[in-house]
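A.B. asks: with the input below, show me the fold.
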Amino acid sequence: MSKKKSTRSPRWSIDALAIIQALQLHVTGKKPLESSQVTAALTLLKKRLPDPRLPQPKKQRAKHDPEDTGSLKDLE
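C.D. replies: All right, here's what the predicted structure looks like:
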């Protein structure tokens with residue numbers, strides 16, 4: 001049996017929800033974690049989630065919010 005090669009980025013194979021839930025349980029005291037486990041979880045989340053400080057690609061950037069025209073007129 002041959003495995004099908006995934007075309008997805010390895011970034012998407014990281015289960016961010018499971019990591020977040022484990023960290024939430026740790027913070028609330030329900031799941032003890034070693035400091036190295038917390039560091040590893042945070043590192044994986046950084047790899048999985050996009051950096052909000054980076055500029056968005058042009059195709060994802062909103063061109064204009066029609067509800068914001070009133071505030072623009074106030075500035076004139």
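
A.B. asks: which secondary structure element is home to L44?
C.D. replies: L44 belongs to helix 35-48 when assigned by DSSP states H and E.

A.B. asks: cool, and L33?
C.D. replies: Short version: L33 belongs to no helix or strand, going by DSSP H and E.

A.B. asks: that one is in contact with V27, isn't it?
C.D. replies: No - using Cβ atoms under 8 Å, L33 is not in contact with V27; the gap is 9.6 Å. Where you see a C-beta, it was placed from the backbone N, CA and C, and this is true even at glycine.

A.B. asks: re the thing from before, so for the helix holding L44, mean pLDDT?
C.D. replies: Across helix 35-48, the average pLDDT comes to 92.

A.B. asks: what comes into contact with it?
C.D. replies: The contact list for helix 35-48 (Cβ atoms under 8 Å, 6 or more residues apart in numbering) reads R11, W12, I14, A16, I19, I20, A22, L23, H26, L33.

A.B. asks: only whichever of those residues are buried, select them in ChimeraX.
C.D. replies: A single ChimeraX command selects the buried members of the contacts of helix 35-48 (16 or more other Cβ atoms under 10 Å):
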select :19,22,23,26
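
A.B. asks: distance to P55 and secondary structure added to the contacts of helix 35-48, as JSON lines?
C.D. replies: Below are those laid out as JSON lines (distance: Cβ to Cβ, whole Å; DSSP: H, G, I helix; E, B strand; the rest coil):
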{"residue": "R11", "distance to P55": "19", "secondary structure": "helix"}
{"residue": "W12", "distance to P55": "22", "secondary structure": "helix"}
{"residue": "I14", "distance to P55": "23", "secondary structure": "coil"}
{"residue": "A16", "distance to P55": "22", "secondary structure": "helix"}
{"residue": "I19", "distance to P55": "26", "secondary structure": "helix"}
{"residue": "I20", "distance to P55": "25", "secondary structure": "helix"}
{"residue": "A22", "distance to P55": "31", "secondary structure": "helix"}
{"residue": "L23", "distance to P55": "28", "secondary structure": "helix"}
{"residue": "H26", "distance to P55": "33", "secondary structure": "helix"}
{"residue": "L33", "distance to P55": "34", "secondary structure": "coil"}
